[in-house]
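> sharing a model prediction with you, sequence too.
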Amino acid sequence: MSISIVNTNKAKIPAIDFSAIKNAILGKDYELTFIITTPAKIRKYNMTYRGKDEPTDILSFPYSDKNGEIYVCPSETKKEAKKFDRKYDNFFVFLFIHGCTHLKGYDHSATMESIEVKYRKQFGI
């Protein structure tokens with residue numbers, strides 16, 4: 001099983017092994033679709049699934065224990081990276097780790113944060 005990366009808006013994405021991160025967090029048997037999308041599309045999904053009528057940097061959709069999707073919006077990621085005084089590539093990969101952690105079943109908490117720190121250290125993020 002693998003990861004499919006779909007870059008719908010031809011945005012710049014970091015040159016990193018997203019598959020290795022996915023495998024470390026979710027396992028090799030997990031089928032992940034990673035979609036790089038536009039502000040309009042992520043805004044639509046954010047409204048539909050979270051009731052928030054605004055674009056966001058990331059959304060994660062678990063469909064089963066072995067299948068899910070992560071959407072990242074590069075333009076929103078750039079804005080958020082600046083807020084946290086982080087470089088775009090670093091923050092982009094952090095968001096991918098964050099999304100995978102959500103797909104693993106964690107919600108925002110100290111536990112989730114400690115798990116993310118572990119993977120950030122492992123992958124130098």
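Now that the structure is in, tell me what you want to look at. As the structure is a prediction and not an experimental result, all values here were calculated from the model.
> output the lowest mean pLDDT helix or strand found in this protein.
strand 3-7 (a mean of 89; mean pLDDT, DSSP states H and E).
> pull out the buried positions in that strand.
residue 3 (16 or more other C-beta atoms under 10 Å). In short, each C-beta sits where N, CA and C put it, glycine included.
> adjacent strands (with direction) for it?
strand 31-36 (parallel) (DSSP bridges).
> ok now the partner strand, how far from the chain's centre?
9 Å (C-alpha atoms, centre = their mean, to the nearest Å).
> just stretch 67-77 next, same as before
Counting by C-alpha atoms, centre = their mean, stretch 67-77 is centred 5 Å from the centre of its parent chain.
> tell me the mean pLDDT for it?
The pLDDT scores in stretch 67-77 average 95.
> can I get the CA coordinates of it in PDB?
Provided in PDB are the C-alpha atoms of stretch 67-77 (Å, rounded to 0.1, in the frame of the first residue of the first chain):
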ATOM      1  CA  ASN A  67      -7.400   4.600   4.200                       C
ATOM      2  CA  GLY A  68      -7.600   8.300   4.300                       C
ATOM      3  CA  GLU A  69      -6.900  11.700   2.700                       C
ATOM      4  CA  ILE A  70      -5.000  14.800   3.600                       C
ATOM      5  CA  TYR A  71      -5.600  18.100   1.800                       C
ATOM      6  CA  VAL A  72      -3.000  20.900   2.100                       C
ATOM      7  CA  CYS A  73      -3.400  24.400   0.700                       C
ATOM      8  CA  PRO A  74       0.100  25.900   0.000                       C
ATOM      9  CA  SER A  75      -1.000  29.500   0.000                       C
ATOM     10  CA  GLU A  76      -2.600  29.100   3.500                       C
ATOM     11  CA  THR A  77       0.500  27.100   4.600                       C
END
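> which residues are in contact with that stretch?
For stretch 67-77, contacts defined as C-beta atoms under 8 Å, 6 or more residues apart in numbering pick out 9, 11-13, 26, 30-39, 41-42, 45, 55-63, 88, 91-92, 95-96, 99-100, 103.
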